[in-house]
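> I'll drop the sequence and a predicted model, then ask my questions.
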Amino acid sequence: MALVGCGSAVPSASISNDQLSERVDTSDAWIRSRTGIAARRVAGPDEPLTAMATGAAAAALAHAGWEPQDLDLILLATSSPDDLFGTAPLVQGCLGAGNAVAFDLTAACSGFLFALITAGQYIASGAVRRALVIGADQLSRWVDWDDRSTCVLFGDGAGAVAVEACDAGSTGLLGFRMLSDGRRNGCLTLAQTQDHVPLLGGLTNQRGGFAAIHMNGQEVYKFAVREVPAVLGELLEATGTSADQLDWLLLHQANQRILDAVAERFAMPPERVLSNLAAYGNTSAATIPLMLDEAVRDGRVKPGHLLGSSGFGAGLSWGAALLRWSGPGTPAAG
Ligand code: UT7
(Lines give C-alpha, C1' and ligand atoms only; values in the text may rest on other atoms or scores of the structure.)
Protein backbone atom coordinates (compact mmCIF):
# COMPACT_ATOMS: atom_id res chain seq x y z
CA MET A 1 0.00 0.00 0.00
CA ALA A 2 1.02 3.61 -0.51
CA LEU A 3 0.48 6.44 2.00
CA VAL A 4 -1.01 9.16 -0.17
CA GLY A 5 -2.81 11.65 2.06
CA CYS A 6 -3.12 12.82 5.64
CA GLY A 7 -5.23 15.13 7.76
CA SER A 8 -5.89 16.05 11.36
CA ALA A 9 -8.32 17.87 13.62
CA VAL A 10 -8.05 19.06 17.22
CA PRO A 11 -10.46 20.88 19.53
CA SER A 12 -9.96 24.63 19.68
CA ALA A 13 -9.67 24.89 23.48
CA SER A 14 -6.13 24.60 24.81
CA ILE A 15 -5.22 24.26 28.49
CA SER A 16 -1.72 25.37 29.54
CA ASN A 17 0.29 23.84 32.37
CA ASP A 18 -0.17 27.02 34.37
CA GLN A 19 -3.94 26.78 33.99
CA LEU A 20 -3.84 23.16 35.15
CA SER A 21 -1.85 24.13 38.21
CA GLU A 22 -4.88 26.16 39.31
CA ARG A 23 -6.79 22.89 39.62
CA VAL A 24 -4.23 20.33 40.83
CA ASP A 25 -0.99 20.56 42.80
CA THR A 26 1.42 20.73 39.88
CA SER A 27 3.59 23.26 38.06
CA ASP A 28 4.66 24.19 34.56
CA ALA A 29 8.26 23.38 35.52
CA TRP A 30 7.39 19.85 36.73
CA ILE A 31 5.26 18.96 33.70
CA ARG A 32 7.73 20.37 31.14
CA SER A 33 10.80 18.79 32.69
CA ARG A 34 9.20 15.35 33.27
CA THR A 35 7.19 15.10 30.05
CA GLY A 36 7.94 17.91 27.56
CA ILE A 37 4.25 18.86 27.55
CA ALA A 38 3.30 22.56 27.68
CA ALA A 39 -0.40 22.44 26.72
CA ARG A 40 -3.14 20.07 25.62
CA ARG A 41 -6.37 20.42 23.61
CA VAL A 42 -9.61 19.50 25.32
CA ALA A 43 -12.93 18.87 23.58
CA GLY A 44 -16.12 20.45 24.88
CA PRO A 45 -19.47 18.67 25.27
CA ASP A 46 -20.51 19.75 21.76
CA GLU A 47 -17.35 18.32 20.16
CA PRO A 48 -17.91 14.55 19.99
CA LEU A 49 -15.20 12.17 18.83
CA THR A 50 -17.20 11.59 15.65
CA ALA A 51 -16.85 15.23 14.62
CA MET A 52 -13.11 15.33 15.31
CA ALA A 53 -12.49 12.02 13.51
CA THR A 54 -14.64 13.15 10.58
CA GLY A 55 -12.68 16.42 10.37
CA ALA A 56 -9.36 14.56 10.20
CA ALA A 57 -10.79 12.07 7.70
CA ALA A 58 -12.19 14.77 5.41
CA ALA A 59 -8.83 16.58 5.44
CA ALA A 60 -7.00 13.36 4.51
CA LEU A 61 -9.50 12.68 1.70
CA ALA A 62 -9.01 16.20 0.32
CA HIS A 63 -5.22 15.87 0.60
CA ALA A 64 -5.29 12.58 -1.33
CA GLY A 65 -7.65 14.10 -3.89
CA TRP A 66 -10.28 11.41 -3.32
CA GLU A 67 -14.06 11.51 -3.14
CA PRO A 68 -15.77 9.82 -0.14
CA GLN A 69 -17.33 7.28 -2.53
CA ASP A 70 -13.82 6.11 -3.50
CA LEU A 71 -13.30 4.51 -0.09
CA ASP A 72 -13.61 0.76 0.47
CA LEU A 73 -12.64 0.71 4.16
CA ILE A 74 -12.59 3.08 7.13
CA LEU A 75 -10.74 1.91 10.23
CA LEU A 76 -11.06 4.05 13.35
CA ALA A 77 -8.53 3.38 16.09
CA THR A 78 -9.95 4.70 19.34
CA SER A 79 -10.35 3.88 23.02
CA SER A 80 -12.87 6.65 23.62
CA PRO A 81 -15.74 5.99 21.19
CA ASP A 82 -18.93 8.02 21.17
CA ASP A 83 -20.77 4.71 20.90
CA LEU A 84 -19.40 1.43 22.26
CA PHE A 85 -21.07 -0.38 19.36
CA GLY A 86 -18.72 1.49 17.04
CA THR A 87 -18.00 5.06 16.04
CA ALA A 88 -16.47 4.38 12.61
CA PRO A 89 -19.92 3.90 11.02
CA LEU A 90 -20.93 7.35 12.32
CA VAL A 91 -17.81 8.80 10.64
CA GLN A 92 -18.64 6.91 7.44
CA GLY A 93 -22.14 8.40 7.53
CA CYS A 94 -20.88 11.94 8.11
CA LEU A 95 -18.38 11.59 5.26
CA GLY A 96 -20.97 10.09 2.88
CA ALA A 97 -18.58 7.23 2.15
CA GLY A 98 -21.38 4.86 1.15
CA ASN A 99 -19.13 2.22 -0.43
CA ALA A 100 -16.89 1.76 2.60
CA VAL A 101 -17.20 -0.76 5.41
CA ALA A 102 -16.31 0.99 8.66
CA PHE A 103 -15.37 -0.39 12.03
CA ASP A 104 -13.44 0.47 15.19
CA LEU A 105 -10.19 -1.06 16.36
CA THR A 106 -9.08 -0.68 19.97
CA ALA A 107 -5.44 -0.96 21.00
CA ALA A 108 -5.02 2.23 23.05
CA CYS A 109 -1.92 4.19 22.07
CA SER A 110 -0.81 1.42 19.67
CA GLY A 111 -4.18 1.62 17.94
CA PHE A 112 -3.29 3.76 14.95
CA LEU A 113 -0.23 1.72 14.03
CA PHE A 114 -2.15 -1.54 14.47
CA ALA A 115 -5.00 -0.17 12.30
CA LEU A 116 -2.60 1.00 9.61
CA ILE A 117 -0.99 -2.44 9.51
CA THR A 118 -4.46 -4.05 9.44
CA ALA A 119 -5.52 -1.89 6.50
CA GLY A 120 -2.28 -2.91 4.80
CA GLN A 121 -3.28 -6.56 5.03
CA TYR A 122 -6.69 -5.96 3.43
CA ILE A 123 -4.97 -4.06 0.65
CA ALA A 124 -2.29 -6.74 0.23
CA SER A 125 -4.99 -9.43 -0.08
CA GLY A 126 -6.71 -7.47 -2.83
CA ALA A 127 -9.94 -7.11 -0.82
CA VAL A 128 -9.59 -3.35 -0.50
CA ARG A 129 -8.16 -0.74 -2.85
CA ARG A 130 -8.56 2.50 -0.93
CA ALA A 131 -8.76 2.88 2.85
CA LEU A 132 -8.79 5.62 5.42
CA VAL A 133 -7.09 4.89 8.74
CA ILE A 134 -8.05 7.24 11.55
CA GLY A 135 -6.58 7.54 15.04
CA ALA A 136 -8.80 9.61 17.33
CA ASP A 137 -9.14 9.87 21.08
CA GLN A 138 -10.70 12.10 23.69
CA LEU A 139 -9.09 10.81 26.86
CA SER A 140 -9.99 14.12 28.54
CA ARG A 141 -13.37 12.42 29.05
CA TRP A 142 -11.76 9.57 30.97
CA VAL A 143 -9.06 11.16 33.10
CA ASP A 144 -9.67 12.04 36.71
CA TRP A 145 -9.09 15.80 36.56
CA ASP A 146 -8.13 15.75 40.22
CA ASP A 147 -5.39 13.14 39.70
CA ARG A 148 -2.24 15.11 38.92
CA SER A 149 -0.32 11.98 37.95
CA THR A 150 -2.49 11.45 34.85
CA CYS A 151 -4.51 14.58 34.05
CA VAL A 152 -1.43 16.55 33.00
CA LEU A 153 -0.47 13.96 30.37
CA PHE A 154 -3.41 13.51 28.05
CA GLY A 155 -5.11 15.63 25.39
CA ASP A 156 -7.66 15.20 22.61
CA GLY A 157 -7.01 14.97 18.88
CA ALA A 158 -7.52 13.07 15.65
CA GLY A 159 -5.35 12.22 12.65
CA ALA A 160 -5.99 10.22 9.50
CA VAL A 161 -3.99 8.70 6.66
CA ALA A 162 -5.29 7.71 3.22
CA VAL A 163 -3.74 4.50 1.90
CA GLU A 164 -4.21 2.70 -1.40
CA ALA A 165 -3.01 -0.28 -3.36
CA CYS A 166 0.21 0.30 -5.26
CA ASP A 167 2.88 -1.61 -7.10
CA ALA A 168 5.08 -3.73 -4.84
CA GLY A 169 8.10 -1.56 -5.61
CA SER A 170 6.53 1.58 -4.17
CA THR A 171 4.99 0.20 -1.00
CA GLY A 172 4.61 2.44 2.04
CA LEU A 173 4.61 -0.42 4.56
CA LEU A 174 8.01 -2.08 4.32
CA GLY A 175 7.69 -4.19 7.44
CA PHE A 176 6.03 -4.35 10.83
CA ARG A 177 5.89 -6.08 14.21
CA MET A 178 3.03 -6.11 16.71
CA LEU A 179 3.08 -7.40 20.29
CA SER A 180 0.84 -7.63 23.37
CA ASP A 181 1.36 -8.64 27.00
CA GLY A 182 -1.92 -8.90 28.88
CA ARG A 183 -0.12 -10.02 32.05
CA ARG A 184 0.95 -6.40 32.46
CA ASN A 185 -2.53 -5.04 31.71
CA GLY A 186 -2.86 -3.53 35.19
CA CYS A 187 -0.11 -0.96 34.48
CA LEU A 188 -2.52 1.18 32.47
CA THR A 189 -6.26 0.69 32.50
CA LEU A 190 -9.57 2.31 31.68
CA ALA A 191 -11.46 -0.51 33.33
CA GLN A 192 -15.08 -1.34 34.07
CA THR A 193 -16.45 -0.11 37.34
CA GLN A 194 -17.71 -2.81 39.68
CA ASP A 195 -21.34 -1.79 39.90
CA HIS A 196 -23.55 -4.75 40.78
CA VAL A 197 -27.31 -4.28 40.57
CA PRO A 198 -30.00 -6.74 41.65
CA LEU A 199 -31.86 -8.03 38.59
CA LEU A 200 -34.55 -10.51 39.63
CA GLY A 201 -34.76 -13.45 41.94
CA GLY A 202 -31.22 -14.18 43.12
CA LEU A 203 -29.63 -12.79 39.96
CA THR A 204 -27.26 -9.86 40.06
CA ASN A 205 -26.16 -7.89 37.04
CA GLN A 206 -22.98 -5.92 36.31
CA ARG A 207 -23.98 -2.46 35.13
CA GLY A 208 -21.92 -0.94 32.30
CA GLY A 209 -19.58 1.93 33.09
CA PHE A 210 -15.90 2.74 33.26
CA ALA A 211 -13.59 4.15 35.91
CA ALA A 212 -11.06 6.89 35.20
CA ILE A 213 -7.67 6.11 33.68
CA HIS A 214 -5.30 4.47 36.10
CA MET A 215 -1.58 4.30 35.33
CA ASN A 216 1.55 3.11 37.03
CA GLY A 217 3.66 5.75 35.27
CA GLN A 218 7.05 4.40 36.25
CA GLU A 219 6.23 0.86 35.09
CA VAL A 220 4.88 2.11 31.76
CA TYR A 221 7.93 4.34 31.35
CA LYS A 222 10.30 1.41 31.93
CA PHE A 223 8.27 -0.75 29.55
CA ALA A 224 8.45 1.91 26.84
CA VAL A 225 12.19 2.61 27.05
CA ARG A 226 12.91 -1.13 26.99
CA GLU A 227 10.43 -2.43 24.42
CA VAL A 228 10.33 0.38 21.86
CA PRO A 229 14.05 0.25 21.00
CA ALA A 230 13.86 -3.57 21.03
CA VAL A 231 10.94 -3.83 18.62
CA LEU A 232 12.27 -1.10 16.33
CA GLY A 233 15.70 -2.72 16.34
CA GLU A 234 14.22 -6.10 15.41
CA LEU A 235 12.26 -4.51 12.58
CA LEU A 236 15.28 -2.68 11.20
CA GLU A 237 17.28 -5.89 11.29
CA ALA A 238 14.49 -7.92 9.66
CA THR A 239 14.16 -5.41 6.83
CA GLY A 240 17.90 -4.91 6.39
CA THR A 241 17.60 -1.23 7.25
CA SER A 242 20.15 0.75 9.23
CA ALA A 243 18.99 3.53 11.55
CA ASP A 244 20.90 6.12 9.53
CA GLN A 245 18.74 5.29 6.50
CA LEU A 246 15.69 6.56 8.41
CA ASP A 247 14.73 10.11 7.60
CA TRP A 248 12.52 10.33 10.69
CA LEU A 249 11.60 8.63 13.93
CA LEU A 250 7.81 8.89 14.24
CA LEU A 251 6.98 7.58 17.70
CA HIS A 252 3.88 7.63 19.85
CA GLN A 253 4.03 10.94 21.70
CA ALA A 254 3.80 10.09 25.40
CA ASN A 255 6.86 11.68 26.97
CA GLN A 256 9.78 13.63 25.49
CA ARG A 257 12.14 11.65 27.71
CA ILE A 258 10.95 8.42 26.03
CA LEU A 259 11.50 9.97 22.57
CA ASP A 260 15.00 11.06 23.62
CA ALA A 261 15.89 7.65 25.05
CA VAL A 262 14.79 5.83 21.87
CA ALA A 263 16.60 8.34 19.66
CA GLU A 264 19.78 7.92 21.68
CA ARG A 265 19.63 4.15 21.30
CA PHE A 266 19.64 4.56 17.50
CA ALA A 267 22.03 7.54 17.50
CA MET A 268 19.34 9.61 15.78
CA PRO A 269 19.99 13.37 16.07
CA PRO A 270 17.15 15.26 17.80
CA GLU A 271 16.25 17.14 14.60
CA ARG A 272 15.20 13.83 12.99
CA VAL A 273 12.89 12.87 15.85
CA LEU A 274 9.38 14.20 15.29
CA SER A 275 7.79 15.71 18.39
CA ASN A 276 4.72 17.84 19.00
CA LEU A 277 4.21 16.82 22.61
CA ALA A 278 4.61 20.41 23.76
CA ALA A 279 1.43 21.53 22.00
CA TYR A 280 -0.83 18.48 22.33
CA GLY A 281 0.38 16.11 25.07
CA ASN A 282 -0.51 12.45 24.69
CA THR A 283 -3.52 12.12 22.35
CA SER A 284 -3.38 8.30 22.49
CA ALA A 285 -4.32 6.72 19.13
CA ALA A 286 -4.08 10.13 17.45
CA THR A 287 -0.45 11.02 18.21
CA ILE A 288 1.20 9.33 15.22
CA PRO A 289 -1.12 10.57 12.44
CA LEU A 290 -1.41 14.01 14.08
CA MET A 291 2.38 14.30 14.11
CA LEU A 292 2.71 12.95 10.57
CA ASP A 293 0.15 15.41 9.24
CA GLU A 294 1.94 18.35 10.85
CA ALA A 295 5.33 17.27 9.48
CA VAL A 296 3.98 16.58 5.97
CA ARG A 297 2.20 19.94 5.81
CA ASP A 298 5.17 21.97 7.03
CA GLY A 299 7.41 20.22 4.50
CA ARG A 300 9.63 18.25 6.87
CA VAL A 301 8.37 14.85 5.67
CA LYS A 302 8.71 14.70 1.89
CA PRO A 303 7.65 12.10 -0.71
CA GLY A 304 10.04 9.15 -0.56
CA HIS A 305 11.06 9.72 3.07
CA LEU A 306 11.51 6.66 5.26
CA LEU A 307 10.01 6.70 8.76
CA GLY A 308 10.65 4.36 11.66
CA SER A 309 7.41 4.37 13.63
CA SER A 310 6.46 2.81 16.94
CA GLY A 311 3.30 2.82 19.02
CA PHE A 312 3.08 1.61 22.62
CA GLY A 313 0.72 1.75 25.53
CA ALA A 314 -2.15 0.07 27.33
CA GLY A 315 -2.74 -3.63 26.80
CA LEU A 316 0.12 -3.62 27.24
CA SER A 317 0.58 -3.38 23.50
CA TRP A 318 3.38 -2.18 21.29
CA GLY A 319 4.62 -2.42 17.76
CA ALA A 320 6.68 -0.87 15.03
CA ALA A 321 6.34 -0.21 11.32
CA LEU A 322 8.74 0.91 8.66
CA LEU A 323 6.87 3.42 6.52
CA ARG A 324 7.59 5.32 3.32
CA TRP A 325 5.58 8.48 2.72
CA SER A 326 4.41 8.85 -0.89
CA GLY A 327 2.06 11.81 -0.74
CA PRO A 328 -0.74 12.73 -3.13
CA GLY A 329 -0.57 11.85 -6.79
CA THR A 330 1.12 8.47 -6.44
CA PRO A 331 0.05 6.23 -9.31
CA ALA A 332 -2.19 3.45 -8.00
CA ALA A 333 -1.76 -0.18 -8.99
CA GLY A 334 -4.06 -1.80 -11.55
O1 UT7 B 1 0.48 6.57 26.19
C2 UT7 B 1 0.65 5.48 27.03
C3 UT7 B 1 2.04 5.40 27.45
N4 UT7 B 1 2.24 6.20 28.63
C5 UT7 B 1 3.48 6.54 28.95
O6 UT7 B 1 4.38 6.25 28.23
C7 UT7 B 1 3.72 7.24 30.26
C8 UT7 B 1 5.00 6.72 30.88
N9 UT7 B 1 5.33 7.34 32.15
C10 UT7 B 1 5.76 8.61 32.24
O11 UT7 B 1 5.83 9.32 31.25
C12 UT7 B 1 6.23 9.12 33.59
O13 UT7 B 1 6.32 8.03 34.49
C14 UT7 B 1 5.30 10.20 34.19
C15 UT7 B 1 5.44 11.48 33.40
C16 UT7 B 1 3.87 9.72 34.19
C17 UT7 B 1 5.71 10.49 35.65
O18 UT7 B 1 7.07 10.91 35.69
P19 UT7 B 1 8.06 10.25 36.73
O20 UT7 B 1 9.35 10.92 36.57
O21 UT7 B 1 8.02 8.76 36.55
O22 UT7 B 1 7.43 10.69 38.11
P23 UT7 B 1 6.98 9.75 39.32
O24 UT7 B 1 5.70 9.06 39.01
O25 UT7 B 1 8.14 8.93 39.77
O26 UT7 B 1 6.69 10.83 40.43
C27 UT7 B 1 7.77 11.61 41.00
C28 UT7 B 1 7.18 12.60 41.96
C29 UT7 B 1 6.24 11.97 42.98
O30 UT7 B 1 6.40 12.64 44.20
P31 UT7 B 1 7.32 12.01 45.37
O32 UT7 B 1 6.68 10.69 45.70
O33 UT7 B 1 8.69 11.87 44.77
O34 UT7 B 1 7.21 13.03 46.45
C35 UT7 B 1 4.88 12.30 42.45
O36 UT7 B 1 3.89 12.37 43.45
O37 UT7 B 1 6.41 13.57 41.25
C38 UT7 B 1 5.11 13.65 41.82
N39 UT7 B 1 4.17 14.00 40.77
C40 UT7 B 1 3.92 15.27 40.42
N41 UT7 B 1 4.37 16.45 40.89
C42 UT7 B 1 3.92 17.56 40.31
C43 UT7 B 1 3.45 13.17 39.97
N44 UT7 B 1 2.71 13.89 39.10
C45 UT7 B 1 2.99 15.19 39.36
C46 UT7 B 1 2.55 16.40 38.79
N47 UT7 B 1 3.04 17.55 39.29
N48 UT7 B 1 1.67 16.44 37.76
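Yep, it's here.
> tell me the contacts of the nearest residue to Ala254 once chain neighbours are set aside?
In space, Ala254 comes closest to Asn282 once its chain neighbours are excluded; the distance is 4.9 Å by C-beta to C-beta, 6 or more residues apart in numbering. Bear in mind the C-beta positions are built from the backbone N, C-alpha and C, glycine included. Asn282 makes contact with 37, 109, 139, 153-155, 252-255 under the criterion C-beta atoms under 8 Å, 6 or more residues apart in numbering.
> Thr204 looks like it's in a helix, true?
No. Assignment of Thr204 by DSSP: H, G, I helix; E, B strand; the rest coil gives strand, placing it outside any helix.
> what separates it from the ligand, distance-wise?
Summarising the geometry, the distance separating Thr204 from the ligand, computed by C-beta to the nearest ligand atom, to the nearest Å, is 34 Å.
> you'd agree that residue is up against His196?
Yes. Thr204 sits in contact with His196 when judged by C-beta atoms under 8 Å, with a separation of 5.0 Å.
> For Ser170, which non-adjacent residue is closest in space?
Take Ser170 and drop its neighbours on the chain: the residue closest to it by C-beta to C-beta, 6+ apart is Ala2, 5.9 Å away.
> Equivalent analysis for Leu76, please.
Ranked by C-beta to C-beta, 6+ apart and with sequence neighbours excluded, the top spatial neighbour of Leu76 is Ala88, at 3.8 Å.
> And for Gly5?
For Gly5, ignoring the flanking residues on the chain, the nearest one in space by C-beta to C-beta, 6+ apart is Ala64 at 2.8 Å.
> now Gly208
For Gly208, the closest residue by C-beta to C-beta, 6+ apart turns out to be Gln192, at 7.4 Å.
> Next: Ser140.
When the adjacent residues along the chain are set aside, Ser140 lies closest to Val42, with 4.5 Å between them (C-beta to C-beta, 6+ apart).
> quick one, phi psi at that neighbour?
Reported as degrees, to the nearest 10, the phi and psi values for Val42 are phi -130, psi 130.
> didn't it look like it was pressed against Val10?
No. Val42 is not in contact with Val10 according to C-beta under 8 Å; the separation is 9.7 Å.
> residues shared between the contacts of these two?
With C-beta under 8 Å, 6+ apart as the test, Val42 and Val10 both reach Asp156.
> residue ranges of the strands in the stretch 151-300 of the chain, please?
Assigned by DSSP state E, counting those that start in this stretch, the stretch 151-300 of the chain shows strands spanning 156-164, 173-180, 188-189, 196-200, 203-206, 214-215, 248-251.
> Briefly note if the last one comes near the ligand.
If I follow you right, that is strand 248-251. No. Against the ligand, strand 248-251 shows no contacts by C-beta under 6 Å from any ligand atom, the least distance being 10.3 Å.
> got the contact list for that strand?
Where contact means C-beta under 8 Å, 6+ apart, the residues beyond strand 248-251 that reach it are 228, 258-259, 262-263, 266, 268, 272-274, 288, 291-292, 295, 300-301, 305-311, 323.
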